[in-house]
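>>> Just to be clear, the model below is a prediction. Sequence and coordinates:
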Amino acid sequence: MEIMYKSIQFYGLHFNKDEINLLCEEKINDSNVDLWEREIFVFLRDWFSESDSISVTTSGSTGVPQTIKLLKRHIIVSAKSTLNFFKLKEGDNALLCLPTSYIAGKMMIVRAVVGKLNLIYTNPTSFANSNFDKVVDFAAMVPNQVFTLLNSLNGRLVLENIKQLLIGGASISNELEGRLLEFPGINAWHSYAMTETITHIALRKVGDNQYLGDFYPLTGVVIALDSNDHLVIDYPGIGVNNCSTNDIAQIYNDGSFSILGRSDNIVISGGIKLNPELIEPKIRKYVNAELFIGGIPDKKLGEKLVLFIEGPNLGYNIIDLVEICKDDLNSYEMPKEINYLSEFLRTESGKIRRKANVDTYLDKKSPCS
């Protein structure tokens, strides 16, 4: 396959295809280069190869990560869509601060190649605590990174130096959105994305309620619901046809949509289907901690609704919870138990791995473990 885009710019230096291939070999074979940086050049080598596809790994938020192949011509279409939406132009500074092992990091590199952007990259693990002082036209982050930046003066200065910020990989909490809105100079967008759709297919301006739903599809994207209210995506430009998701959604008459939760997170307790992602916001109003609702086996109910809280024991018990949440939760939605986990297991993009956390809790609780 002939690659249509044959150069890339790092920190103001231009590299053609031959030069970048030499640089890739140098970086990949240098034992002094950290793994996170080596991954950037492994991907670039793959991108500039003659293959018409690349392999990517899904997030693994609901199970074991899967490796899938994406066609480069489809990836280019996705990159152009983002470049056009954010009106990015040749020479604009693009910040790569996400792992290149996942699609979000790979797409930042492709956008730089396709849009002839000036790519700046940094260690994704330590970025939020570093003294990064460059002005950036476009960056993509996960909520955890943004939250960490907001908690320090240097971090807030970093955010104020980013003209357009794309936040994805996980939901944005009300607290995080509220704190972002305290900085009017931050132009932030929240994305709905899947690896299978080559990153985002819909966006929402943080703090903007112009649509009835949370997200509005990009040009060329068609959405629908199946008989179980799962979101179905068609995006012919990137080869996605009738892609059925596990996301339970609601579509509004203005074309926007909201995600109500994932079907694989549903808990059936006493024959009642309960959606944890609709219950959790009601509890977050009163409990100032990271939390999620899960189901554990119960002899009487089949599954028992349980509240998991991250961190040290805050002293909440079921009696307290019933009292403080009684105006927001009905009897079916009320958790039957509270458990504290020192630290939640998460994907690299910051999503809580619900099933893995519940399984870990049950393994530790088991008398045979």
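All right, it came through fine.
>>> switch to C-alpha atoms for all contacts and neighbour counts from now on
OK.
>>> State the three-state secondary structure for the spatially closest residue to Leu218 that is not a sequence neighbour.
Excluding its sequence neighbours, the residue lying closest to Leu218 (Cα to Cα, 6 or more residues apart in numbering) is Ala202, at 5.3 Å. The local conformation at Ala202, judged by DSSP: H, G, I helix; E, B strand; the rest coil, is strand.
>>> Ala202 contacts Tyr192, doesn't it?
Yes: if you go by Cα atoms under 8 Å, Ala202 and Tyr192 touch, sitting 5.2 Å apart.
>>> what sits in contact with each of these two?
Common contact partners of Ala202 and Tyr192 (Cα atoms under 8 Å, 6 or more residues apart in numbering): Phe215.
>>> which one of these two has more residues nearby?
Per other Cα atoms under 10 Å, whichever of Ala202 and Tyr192 has more neighbours is Tyr192, with 22 against 18.
>>> can I assume the more buried one sits in a strand?
Yes: assessed with three-state DSSP, Tyr192 lies in a strand.
>>> Quick check: bridge partners of Phe215?
Phe257 (DSSP bridges).
>>> And Leu71, by the same measure?
For Leu71, the beta-bridge partners under DSSP bridges are Ser53.
>>> how about the helices in the stretch 201-350 of the chain?
Secondary structure of the stretch 201-350 of the chain by DSSP state H, counting those that start in this stretch: the helices cover 276-284, 318-325.
>>> right, so those: which one is the most enclosed?
The highest mean neighbour count among the helices of the stretch 201-350 of the chain, using mean count of other Cα atoms under 10 Å, belongs to helix 276-284: a mean of 17.
>>> Please name every helix or strand in contact with that one.
Judged by 3 or more Cα pairs under 8 Å, 6 or more residues apart in numbering; DSSP states H and E, helix 276-284 is in contact with strand 257-262, strand 291-298.
>>> how about CSV for the ones you listed, with distance to Tyr5 added?
Output for the helices and strands packed on helix 276-284, formatted as CSV (distance: least, Cα to Cα, whole Å):
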stretch, distance to Tyr5
strand 257-262, 34
strand 291-298, 44
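>>> Tabulate those (CSV), appending mean neighbour count and distance to Leu98.
CSV is the format used below for the helices and strands packed on helix 276-284 (neighbours: other Cα atoms under 10 Å; distance: least, Cα to Cα, whole Å):
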stretch, mean neighbour count, distance to Leu98
strand 257-262, 18, 24
strand 291-298, 19, 24
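>>> Does Asn84 belong to a helix, a strand or coil?
Asn84 is classified as helix under three-state DSSP.
>>> separation between it and Arg111?
Note on Asn84: its distance to Arg111, by Cα to Cα, to the nearest Å, is 11 Å.
>>> Compare these two (neighbour count), which wins?
Between Asn84 and Arg111, counting by other Cα under 10 Å, Arg111 is the more crowded of the two (24 against 11).
>>> That one: which element?
Using DSSP states H and E, Arg111 sits within helix 103-115.
>>> So which residues make contact with that helix?
With contact meaning Cα under 8 Å, 6+ apart, helix 103-115 is reached by 5-9, 40, 43-44, 56-58, 75-76, 79-80, 82-83, 88-90, 94-100, 117-119, 140, 195, 198-199.
>>> repeat for stretch 205-212
Glu177, Leu181, Asn187, Ala188, Trp189, His190, Tyr252, Asp254, Ser256, Phe257.
>>> now it: mean pLDDT?
Averaged across stretch 205-212, the pLDDT comes to 89.
>>> go on, stretch 94-113?
94.
>>> The residue nearest to Ile162 when sequence neighbours are not counted: how many residues sit nearby?
Excluding its sequence neighbours, the residue lying closest to Ile162 (Cα to Cα, 6+ apart) is Val136, at 4.8 Å. Neighbour count for Val136, taken as other Cα under 10 Å: 21.
>>> State the phi and psi torsions of Val136.
When read as degrees, to the nearest 10, the backbone of Val136 gives phi -120, psi 130.
>>> Is it correct that it is in contact with Lys163?
Yes: using Cα under 8 Å, Val136 is in contact with Lys163, at 6.3 Å.
>>> Would you mind checking the contacts of stretch 205-212 for buried ones?
For the contacts of stretch 205-212, a burial check counting by 16 or more other Cα atoms under 10 Å picks out Glu177, Asn187, Ala188, Trp189, His190, Ser256, Phe257.
>>> Tell me which two of the residues you listed sit farthest apart.
Greatest spatial distance among the buried ones among the contacts of stretch 205-212 (Cα to Cα): Asn187 and Phe257, at 21.4 Å.
>>> Can you list the low-confidence ranges for the protein?
1-4, 59-65, 366-369 (pLDDT under 70).
>>> re the thing from before, return the member of the contacts of stretch 205-212 nearest to Leu321.
When the contacts of stretch 205-212 are compared for distance to Leu321 (Cα to Cα), Glu177 wins out at 25.2 Å.
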